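Asks: Okay, predicted coordinates and the sequence, questions at the end:
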Amino acid sequence: MNKTYKLGIDIGSTTVKIAILDMEDHIMFSDYERHYANIQETLASLLRKAAGKLLDFQVYPVITGSGGLTLAKHLGIPFNQEVVSVSTALSHYAPHCDVAIELGGEDAKIIYFTGGIDQRMNGICAGGTGSFIDQMASLLQTDATGLNEYAKNYKTIYPIAARCGVFAKTDIQPLINEGATKEDLSASIFQAVVNQTISGLACGKPIRGNVAFLGGPLHFLSELRESFIRTLNLTGDAIIAPDNSHLFAAIGSAMSYKSDVLMPVVDIIERLSSNIKMEFEVARMEPLFENQKAYDTFTERHNHASVRKGDLASYKGDAFLGIDAGSTTTKVALVGESGELLYSFYSNNNGNPLKTAIGSIKEIYEKLPEGVTIKRSCSTGYGEALIKAALLLDEGEVETVSHYYAAAFFDPDVDCIIDIGGQDMKCIK
C-alpha cells in the first residue's frame, strides 16, 4: 500500500459529501449522497465507490459538518469545525473572497472574512434552507430542480415569508388558490430565501466585495444563485461560484488533515459496516400510556364519539351538504335528517380547491338516488367565500362555529375543542 491521500468527510443535515485529495491538494475523487438519516451506510457506500476507483490506499481522514462530531468520536477520526473547513478551501480556491454565503440542507451561513472571520449562522430553524426549498417544491408538486426550471420564466415576484415553512405556506397557499403561476411562485420562493438570508443573518452588515456562493442549493439551483446576485447587485469577478462549491467543507477538512492519524480506507469502511451504536443525549417525554390496558381504555372511550354511517343508495328524505375548503385539503359531508353520514370526501386540493370541490359534488349527484333532496348547503374553512359563491351554496359558516356544532352533536357539554389543520391550530374553550 503505497498510495496516501487526504480524506475530507462532510456530514451534513441531509447529505454526506467526501473529497479525496492527493498530497498536493488535487482532487482525486469526490461524491455526495443524501443519507436519509442513515449516515453510516451512506458514508460506507461513498468510500466503497472511492476504493473501487482508486484501489488500495490509506488516508489522513478528517470529519466536518453539523452531523459529524459524534461519528468522528466513534471512529477515532479528527473533527474540524465547518467554518474552518470552508475558510481553508476558500483560501486555496478563492483567496480574494470577502464574503461567503453557504446554504445547506437545514442551515444557512454567512461568513465575513474582511477584518477577521465573522460567521452568522441559522442552525436552529430550517427556514430559508435546502429543506425549506424541498418543502415549498412539494406544494407545487415538483422538486427543487423543477422549481429552478419554473423560475427561469417568471414575470412577477410575490412577497413570501421564508423564516418558517408554516408562514411560507400561509403566503403561498392563497396565491395557489388565486391562480398564481408556478413560474412566479418558484421565483418568489427563491427570492424569499434570499431575503431571509440577507435580513436574518447579515442583520444590517453589508455584503460587499467578492462574494462566494457555496452549498448544495446554491450549486445546483442556478436561479436561486441569480436571485442573490440580482439582489446584491453583483457583477463580473465579484461573483465567485466554484464548480465544486457544494463540496467545499469536505475539501477544506481534507486540507486541514492531522498527520498523526493515518489509516487504510478499508478500515474505515469496516468500522462503519460493523454493528455499532452511537448514543445521543436526547431528552424524552413520558409515554402517553403506561401499558396496553391504558391504551385500550383510551381507545374504547374515544370511539364512543363516532359518526353513524347511513346508506345513500337506500336513503329517502332530505339531506344536508357541508363543504370544508381547508388550506390544503377539501372535505365534503352529506348527512341525513338524523345526522347519519351518507357520503364523505377527503382530498388534497392539489392547488385548485374549487376543482376539487366540484369533483366531489359531481360524484354526489352520480350516486344520489331518487327521493333524496339536498335541502341546505353550507361551506366553511379558508375557502368558505369562494366555494359558497362559485357553487351557489345557501350559506357559509365560520370554521370555529362549525367545529362547535359538530362537537356539541356528540357532547352538548363540550368545553374544549382542539383542531390541528393544514396551516393552523386552534384551541376553543
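Replies: Okay, I see it.

Asks: next one: the worst-scoring helix or strand of the chain on mean pLDDT to chain centre, how far?
Replies: Every helix and strand of the chain was ranked by mean pLDDT, DSSP states H and E. The lowest is helix 165-177, at a mean of 75. Computed by C-alpha atoms, centre = their mean, to the nearest Å, the chain-centroid distance of helix 165-177 equals 14 Å.

Asks: who does it touch, helix- and strand-wise?
Replies: If contacts are counted by 3 or more C-beta pairs under 8 Å, 6 or more residues apart in numbering; DSSP states H and E, helix 165-177 sits against helix 130-139, helix 182-197. Glycine gets a C-beta too; all of them are placed from N, C-alpha and C.

Asks: Could you give me the buried positions within it?
Replies: Applying a neighbour-count criterion of 16 or more other C-beta atoms under 10 Å, the buried positions in helix 165-177 are 165, 168-173, 175-177.

Asks: Please apply the same query to stretch 214-225.
Replies: Along stretch 214-225, these residues count as buried under the neighbour rule (16+ other C-beta under 10 Å): 214-219, 221, 223-225.

Asks: Ok, stretch 408-422 next?
Replies: So, applying 16+ other C-beta under 10 Å, buried residues of stretch 408-422: 414, 422.

Asks: One more: stretch 372-379?
Replies: Result for stretch 372-379 [16+ other C-beta under 10 Å]: buried residues 372, 377-379.

Asks: So, low pLDDT: which residues of the protein?
Replies: For the chain, residues meeting the criterion pLDDT under 70 lie at 1, 123-128, 162-167, 275-283, 351.

Asks: on contacts alone, who are the packing partners of the helix or strand hosting K53?
Replies: Secondary structure from DSSP states H and E places K53 in helix 39-54. On a contact count with 3+ C-beta pairs under 8 Å, 6+ apart, helix 39-54 meets strand 4-11, strand 15-21, strand 27-34, helix 69-75, helix 265-273.

Asks: tell me the angle of the second one relative to strand 27-34?
Replies: Orientation of strand 15-21 against strand 27-34 (axes from the mean of the first three to the mean of the last three C-alpha atoms, to 10 degrees) gives an angle of 170 degrees.

Asks: now swap in the first one and tell me
Replies: Interaxial angle, strand 4-11 versus strand 27-34 (the same axes, to 10 degrees): 20 degrees.

Asks: Just send the buried residues of stretch 372-379 back as TSV, with distance to I39 and secondary structure too.
Replies: Output for the buried residues of stretch 372-379, formatted as TSV (distance: C-beta to C-beta, whole Å; DSSP: H, G, I helix; E, B strand; the rest coil):
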residue	distance to I39	secondary structure
V372	58	strand
S377	53	strand
C378	51	strand
S379	48	strand
